[in-house]
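Chemist: Build me a structure from this.
(one chain, ligands or ions: 2)
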Amino acid sequence: MIAVKSLIKRFGRLGSKNAVDNISFTIPEGKLFTLLGQSGCGKTTTLRMIAGIEEPTSGEIQLGDQLVYSSAAGVKVPVNKRPIGMVFQSYAIWPHMNVFDNVAFPLTVTKPRPSAREIKERTEKILEIVGLDSLANRSATALSGGQQQRVALARALVREPKVLLLDEPLSNLDAKLREQMREEIRTIQQKIGITTVFVTHDQSEALAISDLILLMHEGHIVEFGDPQHLYDRPQTPYGAQFIGVSNRFEGSASGSGEVEFMQVKIPRAGNGTFRAGDPVVIFIRPESIALTRSPRDSHPWAGQICQRIFQGDAWDYTIRIKDQEVRVRSYDKAEQFMIGDTAYLRPNYDEMIVLPHNMADATLVSKPVRI
Ligand SMILES: Nc1ncnc2c1ncn2[C@@H]1O[C@H](COP(=O)(O)OP(=O)(O)OP(=O)(O)O)[C@@H](O)[C@H]1O
Ligand SMILES: [Mg+2]
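Modeler: Ligands and ions are numbered 1, 2, ... in the order given. I've put the predicted structure just below:
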């Protein structure tokens, strides 16, 4: 379990902007939790405060049953006394050591030092978990990027920490290996059942491997929840646009549970309450729109195909409707549209995301504070 309460980090002078601005969250035992957000939003700073490398300005951090930081109670547990293992973006494998020695190293500096036999057993066990047992004697310089990443992971886990902290561990790998390694990290994490904080700016990586995602923006929490909830029911326009691909429309709520946009009225799903005339912003995922060649009553829009991109399992179309472009993903490969074709569009009403138009900072989960 990790519990973070009212955590604040300000680097500059009093009154300057907080890099991490009053965030609170709890991660249950054994979960893989992702800190997601664009560059500079405060992910690494948050992770470093959990690790004890960066001292918070104020707040509280608890790892399992141990309070490791509290500004109010004056508690500051140093990094080497926290039950954590870490992997950074540059994973710093020691080139003069072989794989076994790289992974065993943290145990050799543990006090009291375990016996040689115990070091060997624990190192071999973790090498097997990460799939490096056959490479134990290989020189660390003779490893592929993926293998080096595994060494870094094994080294972080060999002391059997309670919490694993990973800061963009896949960013040095090429796209295919990234995908493979993220699955492996997930499998290893579930096998050991270790509570893990994973930092990334890649929303698809976050959706793929997380139990829980926290989306940050300018030091605040914008969204918090499980991947499908964040994708299907984001609470903020920022979250709807950051996670996955969305078509964005502006419109207004009309009475009797409808929204009006692009010259049509459509029944509104979701449970937000709006008054007639309230400005709203509507997000529709490309795969939530059906395309057909001929009109039916329930097809509110007609448009022209202006771009089509083959994705292997689907076609991605860009369709121009008056002055707006709409993206549609079609898994129906038998019914193909060519550039210039007319297509009729019908959104899946249940999958539309309707949010108040002027959703400012006030609606963010964590509120900015001045200190
Ligand atoms: N040591 C420092 N001194 C001053 N400002 C810092 C320091 N470290 C980070 N910052 C600032 O704090 C903010 C958050 O930085 P942080 O490194 O946590 O972002 P991030 O989300 O990890 O970004 P990235 O995806 O680029 O790694 C940024 O505005 C950054 O410039
Ligand atoms: Mg970072």
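Chemist: gap between the longest helix belonging to the chain and the chain center?
Modeler: Ranked by residue count and defined by DSSP state H, the top helix of the chain is helix 175-192. With C-alpha atoms, centre = their mean, to the nearest Å as the basis, helix 175-192 stands 15 Å off its chain's centre.
Chemist: same check, this time on stretch 154-166
Modeler: Distance, centroid of stretch 154-166 to centroid of chain: 20 Å (C-alpha atoms, centre = their mean).
Chemist: now check it, is it near ligand 1?
Modeler: No: figure legend: stretch 154-166 not in contact with ligand 1 (C-beta under 6 Å from any ligand atom); closest approach 12.5 Å. (C-beta placed from N, C-alpha, C; glycine too.)
Chemist: Can you give me the buried ones in that stretch?
Modeler: By neighbour count on 16 or more other C-beta atoms under 10 Å, the buried set for stretch 154-166 is Ala154, Arg155, Ala156, Leu157, Val158, Arg159, Pro161, Lys162, Val163, Leu164, Leu165, Leu166.
Chemist: Looks like the fourth one contacts Ile194 (just checking).
Modeler: Yes: contact status for Leu157 versus Ile194: in contact at 7.4 Å, counting by C-beta atoms under 8 Å.
Chemist: got the contact list for Glu184?
Modeler: Neighbour list for Glu184: Val130, Gly131, Arg150 [criterion: C-beta atoms under 8 Å, 6 or more residues apart in numbering].
Chemist: secondary structure element for the residue sitting nearest the centre point of the chain?
Modeler: Nearest to the geometric centre of the chain sits Ala206, at 3.3 Å (C-alpha atoms, centre = their mean). Under the criterion of DSSP states H and E, Ala206 resides in helix 203-209.
Chemist: Now do the helix or strand that that helix is followed by: everything it contacts.
Modeler: With elements assigned by DSSP H and E, the helix or strand that comes after helix 203-209 is strand 212-217. With C-beta under 8 Å, 6+ apart as the test, strand 212-217 has contacts from 23, 25, 27, 31-38, 41-43, 46, 206-207, 221-227, 230, 238-239, 242-243, 364.
Chemist: got the phi/psi numbers for Ala140?
Modeler: Ala140 adopts backbone torsions of phi -60, psi -20, taken as degrees, to the nearest 10.
Chemist: hang on, the earlier thing: in CSV, list the buried residues of stretch 154-166 along with secondary structure, distance to Leu14 and pLDDT.
Modeler: Shown next, in CSV, are the buried residues of stretch 154-166 (DSSP: H, G, I helix; E, B strand; the rest coil; distance: C-beta to C-beta, whole Å; pLDDT from 0 to 100):
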residue, secondary structure, distance to Leu14, pLDDT
Ala154, helix, 43, 95
Arg155, helix, 40, 95
Ala156, helix, 36, 95
Leu157, helix, 40, 96
Val158, coil, 42, 96
Arg159, coil, 39, 94
Pro161, coil, 35, 95
Lys162, coil, 35, 95
Val163, strand, 32, 97
Leu164, strand, 35, 97
Leu165, strand, 29, 97
Leu166, strand, 33, 97
